[in-house]
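> Need coordinates for the following:
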Amino acid sequence: MTQFPRMHRLPPYVFATVNELKMQLRRQNVDIVDLGMGNPDIPTPQHIVDKLVEASGKGVNHRYSVSRGIPNLRKAICDWYMRRFGVYLDPDTEAVATMGAKEGLSHLSLAMLSPGDVVFAPDPTYPIHTYAPIIAGADVRRIPIGRGRDFFEDLLVATRQTWPQPKLLFISYPHNPTCEIAAPEFFQKVVDFAKEHKIYVIHDFAYADLAFDGHMPPSFMQAEGAKDVGVEFFSMSKSYSMAGWRMGFCVGNRDLVYALTRIKSYLDYGHFQPIQIAATVALNGPQECVTEIVDTYRKRRDVLIEGLDRAGWDVPPPKGTMFVWAQIPEEFRAMGSVEFSKLLLKEAHVAVSPGLGFGAHGDDHVRFALIENEHRTKQAMKGIKKVLSGRSCG
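Numbering: from 1, shown residues only. Below you'll find the predicted structure:
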């Protein structure tokens with residue numbers, strides 16, 4: 001059997017066990033309410049779809065496009081940042097279109113990192129924040145995050161104990177999976193820390209719009225000096241419900257944007273041009289559709305939190321993302337997140353993501369994705385209530 005060393009460096013896929021059990025149950029015609037993968041179910045707003053259809057009908061748009069994004073799209077990206085955050089960006093040197101945030105930060109990692117480089121990533125966190133550096137050959141050092149922890153104290157300790165010195169720090173707020181949010185002061189401290197210790201920063205801003213209860217997520221780019229140390233990725237998958245379109249972008253530090261632009265020029269010819277044109281319309285056009293999408297997630301969040309509360313599972317309502325990060329009830333906690341997720345699948349017929357899949361520090365939690373309508377969410381909560389009440393009585 002041929003050996004591929006890079007594949008051996010990738011950690012086991014924790015979600016596979018739960019996914020396989022889910023498929024087994026579905027083959028037995030068991031109705032599973034799937035709150036696992038964060039796969040948006042809300043249709044893309046019609047005016048964006050209409051522009052895609054219109055642009056697709058023009059033969060001139062069927063040729064190879066531009067890997068860094070057509071000029072109008074890059075201008076729309078920068079105009080969007082100015083309107084939203086008051087941040088000026090040069091569309092020629094400080095913005096590049098990507099095939100979703102995941103592709104962009106993966107290829108930027110490949111451009112930036114060499115074997116032996118050290119990368120800091122939160123624990124728990126979205127898996128690509130650790131997989132991308134590993135694929136690039138770097139070593140990943142986990143920084144625990146969560147309630148009761150001082151991120152900067154942990155970051156300083158890790159920096160002092162790491163050799164060679166870290167080259168890159170991943171952050172992401174609102175955060176997947178923990179749903180933690182950040183204030184502008186937090187980002188300023190990150191910038192100051194990065195400058196002092198000569199570390200680059202990648203901020204994954206996928207949930208920039210998905211915020212509730214009056215929270216307005218700040219951009220990392222708003223911090224003074226942010227362009228000196230890092231970049232920010234945005235995905236159109238959630239805000240505009242364009243998940244399958246694979247449209248995102250990276251902005252910020254010119255050297256990092258150039259590195260990503262250059263490596264992409266070797267690897268792809270850019271998005272299908274009608275998708276880029278439709279994305280331009282999405283960014284430049286009316287934003288009421290975003291408000292409606294966010295409100296849909298808020299309503300689902302409220303239904304899920306209320307259902308968990310009725311089941312005796314006390315979970316604080318998150319102020320950001322399309323998820324709920326729930327600490328496993330104490331009487332089940334010793335099972336760990338994988339076995340608890342399997343229990344919910346088999347007995348409640350509800351699929352969730354085990355926290356272990358996001359890092360060792362997530363093993364006492366599970367993640368619910370707000371991807372089912374309110375009726376189905378209520379159905380899931382009834383199933384969970386039966387499991388929790390039955391087990392706690394037994």
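> tally of neighbours for the closest residue to Ser239 other than its chain neighbours?
Nearest non-adjacent residue to Ser239, counting by C-beta to C-beta, 6 or more residues apart in numbering: Asp209, 4.0 Å away. In short, each C-beta sits where N, CA and C put it, glycine included. As a burial measure, Asp209 scores 22 neighbours (other C-beta atoms under 10 Å).
> tell me which element Asp209 falls in.
According to DSSP states H and E, Asp209 maps onto no helix or strand at all.
> Would you mind measuring from it to Leu168?
Asp209 is 26 Å from Leu168, where distance means C-beta to C-beta, to the nearest Å.
> what does Lys342 give?
For Lys342, the distance to Leu168 equals 35 Å [C-beta to C-beta].
> Those two: which has the busier surroundings?
Leu168 (25 against 17).
> OK, contacts around the more buried one?
Applying C-beta atoms under 8 Å, 6 or more residues apart in numbering to Leu168 gives the contacts Ser109, Met112, Leu113, Asp117, Val119, Phe120, Pro133, Ala138, Ile199, Tyr200, Val201, Ile202.
> and those residues as CSV, adding neighbour count, distance to Ala282 and secondary structure?
Supplementary listing: those in CSV, determined by neighbours: other C-beta atoms under 10 Å; distance: C-beta to C-beta, whole Å; DSSP: H, G, I helix; E, B strand; the rest coil:
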residue, neighbour count, distance to Ala282, secondary structure
Ser109, 25, 27, helix
Met112, 21, 29, helix
Leu113, 22, 32, coil
Asp117, 19, 36, coil
Val119, 25, 32, strand
Phe120, 24, 33, strand
Pro133, 28, 31, helix
Ala138, 24, 34, coil
Ile199, 21, 33, coil
Tyr200, 21, 29, strand
Val201, 26, 27, strand
Ile202, 29, 24, strand
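> Would you mind finding the longest helix in the protein?
In terms of residue count, the longest helix belonging to the chain (DSSP state H) is helix 288-310.
> Check the offset of that one from the chain's centre.
How far helix 288-310 lies from its chain's middle: 18 Å, per C-alpha atoms, centre = their mean, to the nearest Å.
> Same check on stretch 173-190?
Averaging C-alpha positions (C-alpha atoms, centre = their mean) puts stretch 173-190 13 Å from its chain's average.
> which residues sit against it?
Counting by C-beta under 8 Å, 6+ apart, 38, 122, 124-126, 145-146, 152, 169, 171, 201, 203, 205-207, 210-211, 215, 217-220, 222-224, 226, 318-321, 323-325, 353, 355, 358, 362, 365, 367 sit against stretch 173-190.
> in it, what's buried?
By neighbour count on 16 or more other C-beta atoms under 10 Å, the buried set for stretch 173-190 is 173-182, 186-190.
> now stretch 82-102
Neighbour-count burial for stretch 82-102, counted by 16+ other C-beta under 10 Å, picks out 84-85, 87, 89, 91, 94-102.
> now the helices for the stretch 151-300 of the chain?
151-161, 184-197, 226-229, 236-239, 254-267, 273-284, 288-310 (DSSP state H, counting those that start in this stretch).
> residues making contact with the longest one?
Same thing as helix 288-310. By C-beta under 8 Å, 6+ apart, helix 288-310 touches 35, 42, 45, 47-48, 209-212, 238-241, 314-315, 317-318, 322, 324, 326, 368, 370, 372-374, 377-378, 380-382, 384-385.
> same deal with the fifth one?
Counting by C-beta under 8 Å, 6+ apart, the neighbours of helix 254-267 from elsewhere in the structure are 67-68, 90, 93-96, 98, 104, 107-108, 110-112, 200, 227, 230-231, 250-251.
> Which of those residues fall within strands?
Ala95, Val96, Thr98, Tyr200, Gly230, Val231, Cys250, Val251 (DSSP state E).
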